[in-house]
Each structure stands twice: as structure tokens, then as C-alpha cells.
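Engineer: have a look; sequence and predicted model below, questions after that.
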Amino acid sequence: MSIPAVRSPYEGQRLSFGDQFAISAYWFATNFLWGALLVIMLPGEIKKLFPVYRVPALGYLFAFGAVVALVVPLIVGAMSDRCVSRHGRRRPYIVWGVIVNVAGLALMWAATTFSQVVHGDKSDTAGKVAGTLFTSPTFLFFLLAYMVAQLGNNVASAAYSGVIPDLVPEDQRGSASGWMALMSQLGTLLGAVGCGILLGGAPESMKYALVSVILVVVAAITVFGIRETPLPAKPEPISWGLYFKSLWIDPRRYPDFAWVWITRAFVMLGFYAVLPFINYYLTDVVHVAEESVDKTASILIGVILITSSVSGVYGGFVSDRIGRKRVVYIANTVIAIVTFGFVFCTAMWQVLICGMLFGLGFGAYTSVDWALGTDVLPSKKDAAKEMAVWHIAMTLPQSLAAPIAGFIIARFGMTVVQTPEKEIYHYTQMGYGVTFALCAVLFGMGAFFLKNVRGVQ
């Protein structure tokens, strides 16, 4: 399974501004996509197609999409490592991944344009809701389209994740990581703002077109702007059995790695139980008008991202002085309290204050989270593979958190507001309250069990 060594074409030289921009550009593209989809487009599309079943429908959508995000990178990463294309190892997968991604977005637009609205009864049981959704051609078509988009994005992203280790000289990887963080944050922020504020009242076709154009154009900057050295020889065929067996890291031999993995999984369970339902929370609990909820959600996400960027920059420096674990203890305590506080917000200014505090705590956590993962790696020699295993602590909770949270929110029922034009269905504050309280507990557990990590201060 050995792979021939390849010398970076940038070895021995300082990366220019243009080099750094080209190498990191795709981070902007993929985060723009998910900023637009997760915060604005998916909640809006699901609410339009399944007005009564929107919470469980969105939960199932996140769950199946997360399974793709969990499995595909593990396979494609190994395949791109062994790619013998004359264009390099990563670029062919990025190109084909973007093509499939855009095709998936086109299918999602077609699903929302040509499908029928699925009506239901607010008193239906969880089993009846699931049965209705999974026998609905509309839901299955949209779910399939979303999974195609997920497939394409994860093919491209899995290969792209090898660009910095492949190309960036070791003494410049710190600056490359800074570029990565900057482009990721900007992409998410502008994706949410672009689709939520600038195109808030625009047809859905314009949103899909904007996301597709940004994805293609910015990905092209990376594809045409970087230089790759092709593999000099074809590697041995990969043994998938041995490869997947090698992904197991024995927690008895490496307990610190296991506990960091577990604590990260707890935090991600809490985070992805809340994120999908921000739009619905704003309409159901805070009573933001439906016609302005996209813009309001964009502003909230913008506040969280900006404040998390600030604390993320300083959190890493502070952790070097006072220790990683202490920063996590403080950060997780903040986000646990603030998450529970969202339930009691009755006005948007209160939500924005909670969002600012949550961003400060979560940014500090994420800055230390990456450092913790690298601190406890069992072997620096297999760092890429082991970081992929560590990354599962983020992707696996996505497939579990959203459907569980959706079930809890729906379990507490709905209220109906009759307007002259239509009936408006709202999930109850109690359903969100229980969900947010459980998330607060998960955030607290992510800090509590970190005490079992012995090799990190």
C-alpha cells in the first residue's frame, strides 16, 4: 500500500499572495455552498414542500447527507492519494466532484420546482410522519438530489484536503492554515448573507444559480492556480480490508485520543442538533415573520461567525499560555449556558446577544479543538489517516443529532394560527426547550469528560 514520494513544486520557495490564494480558494467555495444551503436554502425548501412535517423532514435530510459525508472522504481520500493522472492527484477529483455537486444542486432545484406540497396532520405520530415522508416521491426526489450534491462535494473536498500537506512547505503551513480559516469563515458568512439578505426575496432558481456559479468559478481558481507533481509510478493496489482495519485506533492503547474523540463527539452532537432548526426556532419561538426569517437568520449566523472568528484567533494563543483543557472548560460552560438561554428569548435583540456569546464560546472551543486533536495523535507518521478518524467525531454526530432533535421537537406537538390566507403551523416552545436543554448537557459533557485526558494540560 506504499505510495511513491512526490516532491512539492513549491519546495524551497516562499509562497506568494497569489499562491496562497489559489491554494485556499476552494475552502471559500465549499463553505459558501454550505453557508447558503444549511442556514437558508434547505430550511426554506423543506418548509415549502412539507409545511407540517418540516422539522422531522429536515432532520432526516441532514442524517442521510451526513452518512455520505462520513463514508465518501474515507474512500476518496485513499483513492486520490494513488491517482496517477498527469494533472496531479487532487485536481481530477476536485473537477469531477464539482461537476457532480452542481448536478445535484440542479436536481434539488428541479425537485422543489416540479414537486407537489406534501400536506399532513399536526397530530400524526412519529411512525405516521416517517411513513408519509419515505413513501412520498417529493421527499425521495429531494433527498436523492441532496445526496448527489453531498456526494460531489465530498469527492472534491476529500481530495482537496490533501492539497496543503502535498504542496505547502512545512515551514509555511501555519500561514496556509490561517488562509484556510479565513477563507472558510468568509465563505460561510457570505453564503448565508448572500442568500439570506441579498437574495432573501428572490426566486429559488437565482439562489441555486448563485451557489453554482460561485462554486465553479472559485474552484477553477484552485484547479488552474495550483501546481501539482504527478506520481512517478503507479502505487500498489489498495487492499480495502486492510485499509479500513487500519482506521481502528485502540482506545486502550491510546486513551487520550479516545477521550478527545468522545468529547468532540458530544460537542458536535449538541451543535448539529441546533443548527438545522435555527430558521424554525426564529419563527416558532421568537415569532419572526416568515417573509423576513431568512434575513434574520443570516444576521444571527453572521453575528455568531464574526464573534467566533475573534475568539478563535485569540483562543489558540490563550491555550498556549493557560492550557488547552482550561480553555475548553470555560468555552463549553459558556455555550452550554447560552444554549439553554436561547429558550427564554422573546425578542430578536435577546437572540442576537445570545448568538454573540455563543459565537465567542464556540470560536474559542474550535480553536483549541484542532490543537487538542493534533496533540494526542497516536503517531505523527500516520497523521493524515488518524486526523481522518478524528474527523469522524464531527461527521458521525451529524447523522444522529438532527433526526433525534427533530423527533423531540415534533413530539411536543404544534399550534395552529389561522390567517385570512392560510393556516400557519408552529412547533411549541416546550419542544425547542427540551432540545436546547439536552444540547446544553451535551456541551457540558464535552468539557466534563476532558478531565480524563492526561497527556494535555
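Structural biologist: Thanks, I have it.
Engineer: where exactly do the helices run in the stretch 301-450 of the chain?
Structural biologist: Using DSSP state H, counting those that start in this stretch, the helices of the stretch 301-450 of the chain run over 324-341, 348-375, 383-411, 429-448.
Engineer: list the buried ones in whichever strand or helix holds residue 182?
Structural biologist: Per DSSP states H and E, residue 182 falls inside helix 173-193. Under the neighbour-count criterion of 16 or more other Cβ atoms under 10 Å, helix 173-193 has 176, 179-181, 183-193 buried. The C-beta positions use only the backbone N, C-alpha and C, and glycine is treated the same way.
Engineer: kindly report the same for stretch 248-260.
Structural biologist: When burial is assessed from 16+ other Cβ under 10 Å, stretch 248-260 yields the following buried residues: 249, 254, 256-260.
Engineer: packing partners for the helix or strand containing residue 128?
Structural biologist: Assignment of secondary structure by DSSP H and E places residue 128 within helix 126-134. Packed against helix 126-134, as judged by 3 or more Cβ pairs under 8 Å, 6 or more residues apart in numbering; DSSP states H and E, are the following elements: helix 54-81, helix 383-411.
Engineer: just for the stretch 201-350 of the chain, where's the confidence low?
Structural biologist: 313, 315-320 (pLDDT under 70).
Engineer: what segments of the stretch 151-300 of the chain are strands?
Structural biologist: With DSSP state E, counting those that start in this stretch, there are no strands along the stretch 151-300 of the chain.
Engineer: and residue 171, how far is that from residue 228?
Structural biologist: Residue 171 sits 20 Å away from residue 228, going by Cβ to Cβ, to the nearest Å.
Engineer: of the two, who's got more company?
Structural biologist: Higher neighbour count among residue 171 and residue 228: residue 228, with 21 against 8, using other Cβ atoms under 10 Å.
Engineer: and the gap between the closest residue to the more buried one other than its chain neighbours and residue 162?
Structural biologist: With Cβ to Cβ, 6 or more residues apart in numbering as the measure, residue 88 is the residue that lies nearest to residue 228, at 2.7 Å, once sequence neighbours are left out. For residue 88, the distance to residue 162 under the criterion Cβ to Cβ works out to 10 Å.
Engineer: more crowded one of these two?
Structural biologist: Set side by side, residue 88 and residue 162 show unequal neighbour counts under other Cβ under 10 Å, the larger going to residue 88 at 25 against 17.
Engineer: need the strands for the stretch 1-150 of the chain, in chain order.
Structural biologist: Using DSSP E, counting those that start in this stretch, no strands are found in the stretch 1-150 of the chain.
Engineer: hang on, the earlier thing: can you pull the buried residues of the helix holding residue 128?
Structural biologist: Of the residues in helix 126-134, 129-130, 132-133 count as buried by neighbour count, 16+ other Cβ under 10 Å.
Engineer: most widely separated two among these?
Structural biologist: Greatest spatial distance among these (Cβ to Cβ): 130 and 132, at 7.4 Å.
Engineer: pretty sure residue 161 contacts residue 76?
Structural biologist: No - contact criterion Cβ atoms under 8 Å: residue 161 and residue 76 do not qualify, at 9.6 Å.
Engineer: contacts only, for residue 346.
Structural biologist: Applying Cβ atoms under 8 Å, 6 or more residues apart in numbering, one finds that residue 346 lies in contact with residue 286.
Engineer: for it, give me phi and psi.
Structural biologist: phi -120, psi -10 (degrees, to the nearest 10).
Engineer: ditto for residue 88
Structural biologist: phi 110, psi 180.
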